[in-house]
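Enquirer: Sharing a model that was predicted from the sequence below.
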Amino acid sequence: MSSPGSARRRGRPARNSAASTPTRPSATNSGQPSQNASQTTPRASRSLREVGIPSSSPLRFQSSPPPEPQQDDAGSRMDISSPIREPPSTDDIERTPRANARPIGDSSPIRYMSSSSPTRANSRPSRTADIPSSSSGLFVRSSQSIGSNGLPNVSTRRGAIHSDAFGSSSSQRRRVFVNENGMPVRDGEPHSDATFSNVQPDTSEADALGGSSTRIIWGTNISIQDSMSAFKNFLYNFAKKYRMWADGASEEETRAMGVAADEKEYIKMLNDMRQLGVTGLNLDIRNLKAYPSTLKLWHQVQAYPQEIIPIMDQVVRDVMIELALKEMESLRAQANQRRQPRARDNSSVPPVTSSDIGTEAGRGQPTEVPNLMADVENKTFKVLPFGLDKTVNMRDLDPADMDKLISIKGLVIRASPIIPDMKEAFFRCETCHFSVAVDIDRGKIAEPTKCPREICGTSNSMQLIHNRSTFADKQVIKLQETPDSVPDGQTPHSVSLCAYDELVDVCKAGDRVEVTGIFRSNPVRVNPRQRTTKALFKTYVDVLHVQKTDRKKLGIDATTVEQELSEQVAGEVEHVRKITAAEEEKIKEIAARPDVYELLSRSLAPSIYEMEDVKKGILLQLFGGTNKTFEKGGNPRYRGDINVLLCGDPSTSKSQLLQYVHKIAPRGVYTSGKGSSAVGLTAYVTRDPESRQLVLESGALVLSDGGVCCIDEFDKMNDSTRSVLHEVMEQQTVSIAKAGIITTLNARTSILASANPIGSKYNPNLPVPQNIDLPPTLLSRFDLVYLVLDRIDEQNDRRLAKHLVGMYLEDTPEHGTSEEVLPVEFLTSYITYAKRHINPVITPEAGTALIDSYVGMRKLGDDIRSANRRITATTRQLESMIRLAEAHARMRLSSEVLASDVEEAVRLIRSALKQAATDARTGLIDMGLLTEGTSASERRLREDLKREVLRVVEELGGRGGGSGVRWSEVLRQLNEGGSMEVEGAEFAEAVRALEAEGMVSVVGEGARRSIRRIGLV
């Protein structure tokens, strides 16, 4: 292996050389650099010292001591990790100049080092002559681009960091040597080039470097060795007790935990990662703050994430290799113990020692030990930091946060498809087919302006070969402020997120997430065809970690999605909304109480007085039924979501109930009927800012897929907006056919709506459809329709006023204590646990009770006074009973639906029907009010009026037809001879019905209208 001095001499040809071929130093001057080599730019020689071969890299792991320096011959000058083992021929050297180092590129903030001047920096040779390449059209990477694991560095590059792996050239060119006074070490000054590969973790940096220099990253105070040693010490020794002490726990509390407090948390996580094949380590950086030796690292990872995180990635990989080695040694020792009896019988076969692991001798022996090293070396491990002390509001992001680690919360409103993001560009000369690979730094491609091959040198001949380039997965996500965090009078801000690799498709539209990432900025071009940029920069966030956790939000029901995705969603729910063992024990304790139903309903919106049945209906809506798919019916999907409508007078807490449900419901969306349009509820077409193609943006109903959509002012919607709800509320899909996009979107959501009467006051003499102006087809799709009326009652008014005043005097409601009202966090945990683990099944007894209840409700329509029967229940009411009974059983944490659950479901439906479907004229329940808009008594009165009109026309005009009877005369005759007064609108409706049936005809206009009897001779 060559020395650093020979590596510097190999780096580039001497300036006074007439030929373009790099000069080969002879064996006589291998120990002392030549004069020409020493006269090259000091910055270049210093950079070449840093590039180094794998044995001297601070990131190369070695299980054995470094080899002794060898003689500088032709064989030793070849890099050990080079893909070409033999020395190249003279023709090959003349044709392809190879360099072990790359000069400072465009990605560096400043072209020259701190010890150099601009003049010296500008006097360096052209960059195109130093691009590593191959001599043929085949792509053979140089030794510099080969990592310690034999893989190209481009495969280990993280898209969110926007730089190569830690040992690559783009990161090495930012390193400098400083002396003990902190000044850069110039060429010719003595300094140490010690390697960190085999340094003990407790060795100080001064001892490792011989006390002369310290390795740092340019522009920062980051010491590479200190950071690596501190983080490695953290991974090996961090225990839960450090975090407990940082959170204020005493030593007695940690001793009470016993062994669990001293458990090495991250060693266990790394072992689990290796066994499960996971490559991402979720790092809570608050643990760095709690651990004494990593407090400085905690500050640095927030200030310089682009430099610290690659160091952490490399340390994680080194620790994973060490753990794999220990595991292999343990397995090898066990295998040796099992082979000892056989070794006595066959003593000629020596046992394989643990030191031969990974060597030719070890591989030559038959062994039962799996090669764990290969699994670890072929993977790229990434640290995913999260857990910052504070979350920054989107509108508070400023230039001071550029290139720093930030954490923001918001609502995902759009996620783009997967975009291939180029990590390495492959160029080929069209003249001589010479190929070269160019790394992409921060999205900029350093395209060669001419062929790097000196015997060719053709300008503008390099063409990009896309199928030889390297790409990574990328996704652009639009994150918007949540409605509860937007200041008054402000519009919500949004920010663009860029997710890479394993973070792609982690979140979707409608998710409330907390994102940890690096705040970036890019210049905006004046013209895409020109390189001129504006002074204005656009900002975005490179995502490092996504967390979908909100303790005040419910978990998503896994049965909402299809069966093949239910297991995946269940795992995501377990990750998003974690319930501890203590919470689970308390949940089961609450479920065993006999008054659990009243306790949960009382805990739902405790500030709202009374309205017990309304709260119970909304509570069962939050629990929901079970979504089912029947094999016999061709696999149709039957919804388990419950829809509730609140209708009544103003100032009856309808909107407060909607706001409360919106805050705790999963993927909840709150919208108003007046300010909503049809496309705002379903989906609208927009142009993608990246691809400039037409894409669909999700509306409120699609965003609330798997949650609850709260719609206020439901009666203020226009007909076109309201018509889209018919499909959503029953089929739970949204069909789109616009702008060449034909698709069906899922809208598996529960609808909670509120509506006010037409005249701002409910008229008890009119049915519900006429009071709130809703079509009967839409009303019938609601499982529960509650009338919330403001009745004058002195006792109730006094209790309500006392309750409201008590809320201002003290924080808790007047009628309840802390034991009687559950906190919001526990209520959401209870509902999430029930929806995740409980899927009740209907028992035969419950099935019989459902049938009897449905038949009993149908019998209420029998009327001995009329041949026609009133409709008091339909099959939709039967399905509503099933859903409510399942929700009640799920609320009790019962896996079976009992007859008591059916009784409560029937009681809720009957109480809602008594209010919403009661005929004002007869006082009886009539489902025709909800399904058709008219009751049976009203239809009977209309038929009587039609017969009376026909009789009057026949009497006044004669049976033979003749001349017609005036309109006003018929109306006057009806009012004089009838027992009740007939209004003009009712009379006109009856005449139109007779005209449609072909019984009469209307002649004339206005006051001269006349009615003529037809059809009889």
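Expert: Cool, the structure landed.
Enquirer: tell me the SS of Cys507?
Expert: coil (DSSP: H, G, I helix; E, B strand; the rest coil).
Enquirer: distance between the ends of stretch 249-262?
Expert: 14 Å (C-alpha to C-alpha, to the nearest Å).
Enquirer: and Pro236, what pLDDT?
Expert: Check again: residue 236 is Tyr, not Pro. Predicted confidence (pLDDT) for Tyr236: 90.
Enquirer: same question, Ser780
Expert: At Ser780, pLDDT is 80.
Enquirer: now do Thr652
Expert: Looking at Thr652, the pLDDT reads 75.
Enquirer: which SSE is Leu288 in?
Expert: helix 285-290 (DSSP states H and E).
Enquirer: Show me the domain layout of the chain.
Expert: Domain segmentation of the chain under automatic domain parsing yields 229-384, 388-547, 558-689+701-931, 936-1013.
Enquirer: for the helix holding Leu288, packing partners?
Expert: Here helix 285-290 touches helix 240-246, helix 295-303, going by 3 or more C-beta pairs under 8 Å, 6 or more residues apart in numbering; DSSP states H and E. Yep, even glycine has a C-beta here, placed from its N, CA and C like the rest.
Enquirer: Redo the domains of the chain as TSV? Include distance to Arg215.
Expert: Shown next, in TSV, are those (distance: least, C-beta to C-beta, whole Å):
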stretch	distance to Arg215
domain 229-384	12
domain 388-547	22
domain 558-689+701-931	39
domain 936-1013	90
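Enquirer: Tell me which of the ones you listed lies nearest to Gly159.
Expert: domain 388-547 (3.2 Å; C-beta to C-beta).
Enquirer: Just to check, Val486 is in contact with Leu411?
Expert: No: under the criterion of C-beta atoms under 8 Å, Val486 lies out of contact with Leu411, with a separation of 10.6 Å.
Enquirer: Can you add distance to Gly219 and mean neighbour count and give the domains of the chain back as a markdown table?
Expert: Listed next are the domains of the chain as a markdown table, based on distance: least, C-beta to C-beta, whole Å; neighbours: other C-beta atoms under 10 Å:
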| stretch | distance to Gly219 | mean neighbour count |
| --- | --- | --- |
| domain 229-384 | 9 | 16 |
| domain 388-547 | 11 | 17 |
| domain 558-689+701-931 | 32 | 18 |
| domain 936-1013 | 82 | 15 |
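Enquirer: just to revisit the earlier point, identify the residues contacting the helix holding Leu288?
Expert: By C-beta atoms under 8 Å, 6 or more residues apart in numbering, the residues outside helix 285-290 that reach it are 234, 238, 242-243, 245-247, 265, 294-295, 297-298, 301-302, 385-389.
Enquirer: I'd like to know which elements the host helix or strand of Val855 is packed against.
Expert: Per DSSP H and E, Val855 falls inside helix 844-859. Packing partners of helix 844-859 (3+ C-beta pairs under 8 Å, 6+ apart): helix 875-891, helix 899-916.
Enquirer: least reliable of those going by mean pLDDT?
Expert: Note on the helices and strands packed on helix 844-859: lowest mean pLDDT is at helix 899-916, with a mean of 81.
Enquirer: Hmm, Cys451 and Ala460 touching each other?
Expert: If you look again at residue 460, you'll see it is Asn, not Ala. No: using C-beta under 8 Å, Asn460 is not in contact with Cys451, being 9.4 Å away.
Enquirer: Now the helix holding Leu288: average pLDDT?
Expert: Here the average pLDDT along helix 285-290 is 89.
Enquirer: Same question for stretch 856-865.
Expert: If you average the pLDDT values across stretch 856-865, you get 62.
Enquirer: what's the helix holding Val855 in contact with?
Expert: By C-beta under 8 Å, 6+ apart, helix 844-859 touches 842, 872-873, 877-878, 881-882, 885, 896-899, 901-903, 906, 909-910.
Enquirer: I'd like the helices and strands packed on helix 285-290 written out as TSV, with distance to Ser653 and mean pLDDT added.
Expert: Below are the helices and strands packed on helix 285-290 laid out as TSV (distance: least, C-beta to C-beta, whole Å; pLDDT from 0 to 100):
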stretch	distance to Ser653	mean pLDDT
helix 240-246	43	84
helix 295-303	45	90
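Enquirer: Output these in CSV, with distance to Ile579 appended to each entry.
Expert: Formatted as CSV, the helices and strands packed on helix 285-290 follow (distance: least, C-beta to C-beta, whole Å):
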stretch, distance to Ile579
helix 240-246, 19
helix 295-303, 29
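Enquirer: Phi and psi next, for Ala446.
Expert: phi -80, psi 80 (degrees, to the nearest 10).
Enquirer: continuing past the helix or strand hosting Leu599, what's the next helix or strand?
Expert: Leu599 belongs to helix 596-603 when elements are defined using DSSP H and E. In the C-terminal direction, the helix or strand that comes right after helix 596-603 (DSSP H and E) is helix 612-623.
Enquirer: Can you list the neighbours in contact with that following helix?
Expert: Outside helix 612-623, the residues touching it (C-beta under 8 Å, 6+ apart) are 554, 597, 600-602, 604-605, 608, 641-644, 646, 657, 661, 664-665, 708, 750, 752, 784, 786, 788, 831, 834-835, 884, 887-888, 890-891, 908, 911-912.
Enquirer: That one versus helix 899-916: what angle between them?
Expert: With axes from the mean of the first three to the mean of the last three C-alpha atoms, to 10 degrees defining the directions, helix 612-623 sits at 120 degrees from helix 899-916.
Enquirer: Export helix 612-623 to PDB, keeping only CA atoms.
Expert: The C-alpha trace of helix 612-623 is given here as PDB (Å, rounded to 0.1, in the frame of the first residue of the first chain):
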ATOM      1  CA  GLU A 612     -77.700  13.200  26.600                       C
ATOM      2  CA  ASP A 613     -79.200  11.400  23.600                       C
ATOM      3  CA  VAL A 614     -77.400  13.600  21.100                       C
ATOM      4  CA  LYS A 615     -74.100  13.000  22.900                       C
ATOM      5  CA  LYS A 616     -74.700   9.200  23.000                       C
ATOM      6  CA  GLY A 617     -75.500   9.200  19.300                       C
ATOM      7  CA  ILE A 618     -72.300  11.100  18.500                       C
ATOM      8  CA  LEU A 619     -70.300   8.900  20.800                       C
ATOM      9  CA  LEU A 620     -71.500   5.800  19.000                       C
ATOM     10  CA  GLN A 621     -70.600   7.500  15.700                       C
ATOM     11  CA  LEU A 622     -67.000   7.900  16.900                       C
ATOM     12  CA  PHE A 623     -66.800   4.200  17.800                       C
END
